[in-house]
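J.: no sequence on hand, only this structure:
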């Protein structure tokens, strides 16, 4: 990893626990969890019926967009979330956007898998089937022939980065990262690289994803990642009785800037992205390496690249999915990477509150860390009752503490491990 | 920028089939596919093969072949950057089978019954079969590569992003592997034609290619050529409009290249317009469209491999220009070492 100073100037997100970052601290303080019966799609008859979804009507955040774009948002939830996220921050970003040099401004977005919301097109599909046509081919051919590059369904993944690039006039590059649960975490790391190398002086990094879609819920459920919905709480990171994660959705971005940009414009960054670790398990597509070699290395690399020692860490926002596979292994990797000191560092996963936003998990959890830093508030593991390893400092309650240095970790299906190190610069 | 190409491998499409995509609108395209002989993948676990797309399997095989012929000293820490096209290979299995359950729905069918039918029709491994990082994760699994990494997608521009990241990684690593993996076919056609609009004589193909890259200082093995320029245009396409604009000449630094390789079109007509445009810039223009069709992210890597061939035949400088489905343009310059 190249080493340069990379600052965080601003951040925004649309999350099931906070439509806008200004709501986030209060949401954490009140121990709000968005886990509940899915509202947006009909799930009667499905054994997976709970999720963390953004229930607020988002249309007010993009009311000035064109009719064509609004139509695209109606079929592409990831695009709608991203548009709402930008809309939420638009007025406060106006001044910054005015300062930007398009050839030195880039966008990197982590994006989740393409899952067509067929339930929205049930009548059309049935009609094509009844007439003897191939329903998929005819549906796509008809509804996407709208004269625009943006579509109602099946947009190429770059559409999200291009949407933001149009808003920020970001011409240097528009990249999309497609690495499942670490997509936006890697987007942030790649933003660091682009600034460190000098390819850009400002990069908008983030992600967007939604699992609130019948096919996505069924697919993840059938894989055993989401538990069947019963009356009990479904997501219990680090608990001995954990049995799966909570499907979520989110869009968010952070604005990274070079030291020169910050100095030239006399800005006060809120945090510094100190570095990252990013490795591959090279083990199995369906399970993490049980030895945790690469997971440990990603944590160590993040620490080394950030020039941090374990005793400097005030908080770790863990990946903590609540799945059997992940949580215990993750803790043992912190111990391997950070030594005995790992057991004294406050660790929590916030997925029991906002769910697992897959490709947007990294940006959502970075926003949690940045707000935690702002409010001297470490979120507890809300649903933790019986710790899977009581020797660790797995907080069960929110704690007031100044956070100067923190890690935020994400580990993806397929064995990709990305860890970010962040320094609080707020006075 | 000075990236040295140490080795390459590819698997190009050789089977071409005409597909009818809309009976109502009378839309057709030609799908190109690669061949993987059963012997080639015999070391791949059978349960893994069940969830691998052709492009995933093809990528693993060519990278392993490249590494067998060019064994690096420290394989484990090599960075790996992948550019990937579409992720749905089997529209029949992953899409039609699911929506065909709507056929049985009647006015009185309850929501519960509908959901149960969709649940039953959903393939249990669909999330794995369409996983966006499956190429990269399987390459890692079958090579042992554990280094810095990313999967970019899913237009041809993602290969530029993979190369740009490789150039950053080469400042601290002796070798980097980049791989392009395009799953052409029906879903790729549906996605890309949704952006561009339908055009006749459309050709959309699977194709995979990989490059072993190094820097002159850090590795003393023989070099095939060097990449001296990787650049994208600064125009941000308007997502609410369509249309192809050719402005590659603004990216080309000078007129010193012996040949210009162009790609980006999905149809024969647009490809001819690309060639006509490029001929105004360079008399010696090559396009692989007639042979292969559009291979998404693999266009650029196949362009680099063709450039190496030209250099081995005596050329000194080759420019490769590409335009992604959104209209974003890029250039790569490959030079003799």
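T.: Happy to help now that I have it. Since the model is a prediction, treat every value here as computed from it, not as a measurement.
J.: run a quick neighbour tally on residue 304.
T.: Chain wasn't specified; assuming chain A. Neighbourhood size, residue A:304 [other CB atoms under 10 Å in any protein chain shown]: 16. For the C-beta atoms, the positions are set from N, CA and C on the backbone; glycine is no exception.
J.: that's the wrong chain, I wanted chain B
T.: If we define neighbours as other CB under 10 Å, then residue B:304 has 26 of them.
J.: check contacts around it.
T.: Residues near residue B:304 by CB atoms under 8 Å, 6 or more residues apart in numbering or on different chains: B:5, B:8, B:209, B:211, B:227, B:320, B:332, B:334.
J.: from these, which land in strands?
T.: B:5, B:8, B:209, B:211, B:227, B:320, B:332, B:334 (DSSP state E).
J.: okay, these in a markdown table with distance to chain A, pLDDT and neighbour count next?
T.: Conversion of the ones in strands among the contacts of residue B:304 to a markdown table gives the following (distance: CB to the nearest CB, whole Å; pLDDT from 0 to 100; neighbours: other CB atoms under 10 Å in any protein chain shown):
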| residue | distance to chain A | pLDDT | neighbour count |
| --- | --- | --- | --- |
| B:5 | 20 | 97 | 21 |
| B:8 | 22 | 98 | 21 |
| B:209 | 18 | 98 | 29 |
| B:211 | 18 | 98 | 28 |
| B:227 | 16 | 97 | 22 |
| B:320 | 18 | 98 | 28 |
| B:332 | 15 | 98 | 26 |
| B:334 | 20 | 98 | 28 |
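J.: tell me the one of those residues nearest residue A:53?
T.: Residue A:53 lies nearest to residue B:209 out of those, by CB to CB, at 40.7 Å.
J.: quick one: low-confidence ranges for the stretch 1-150 of chain B?
T.: Low-confidence segments of the stretch 1-150 of chain B (pLDDT under 70): B:1.
J.: so where do the helices sit in it?
T.: B:46-50, B:54-69, B:91, B:97-99, B:111-121, B:126-129, B:134-143 (DSSP state H, counting those that start in this stretch).
J.: which parts of the lengthiest helix in chain A count as buried, going by neighbours?
T.: Looking across chain A with DSSP state H, the single longest helix is helix A:77-99. Along helix A:77-99, these residues count as buried under the neighbour rule (16 or more other CB atoms under 10 Å in any protein chain shown): A:77-89, A:93, A:96.
J.: pull the contacting residues for residue B:73.
T.: residue B:174 are the contacts of residue B:73 under CB under 8 Å, 6+ apart.
J.: quick one on the thing from earlier: the longest helix of chain A - contacts with which helices or strands?
T.: In terms of contacts (3 or more CB pairs under 8 Å, 6 or more residues apart in numbering or on different chains; DSSP states H and E), helix A:77-99 is packed against strand A:6-15, helix A:67-75, helix A:159-168, strand A:202-210, strand A:249-258.
J.: other SSEs contacting the helix or strand following that helix?
T.: As assigned by DSSP states H and E, the chain's next helix or strand after helix A:77-99 is strand A:105-111. When contacts are defined as 3+ CB pairs under 8 Å, 6+ apart, strand A:105-111 sits against helix A:159-168, strand A:173-177, helix A:183-197, strand A:202-210.
J.: ok so, going back, adding mean neighbour count and distance to chain A, write the helices of the stretch 1-150 of chain B out as JSON lines.
T.: Compiled in JSON lines, those are given as follows (neighbours: other CB atoms under 10 Å in any protein chain shown; distance: least, CB to the nearest CB, whole Å):
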{"stretch": "helix B:46-50", "mean neighbour count": "12", "distance to chain A": "7"}
{"stretch": "helix B:54-69", "mean neighbour count": "22", "distance to chain A": "10"}
{"stretch": "helix B:91", "mean neighbour count": "20", "distance to chain A": "6"}
{"stretch": "helix B:97-99", "mean neighbour count": "21", "distance to chain A": "5"}
{"stretch": "helix B:111-121", "mean neighbour count": "17", "distance to chain A": "3"}
{"stretch": "helix B:126-129", "mean neighbour count": "22", "distance to chain A": "4"}
{"stretch": "helix B:134-143", "mean neighbour count": "26", "distance to chain A": "3"}
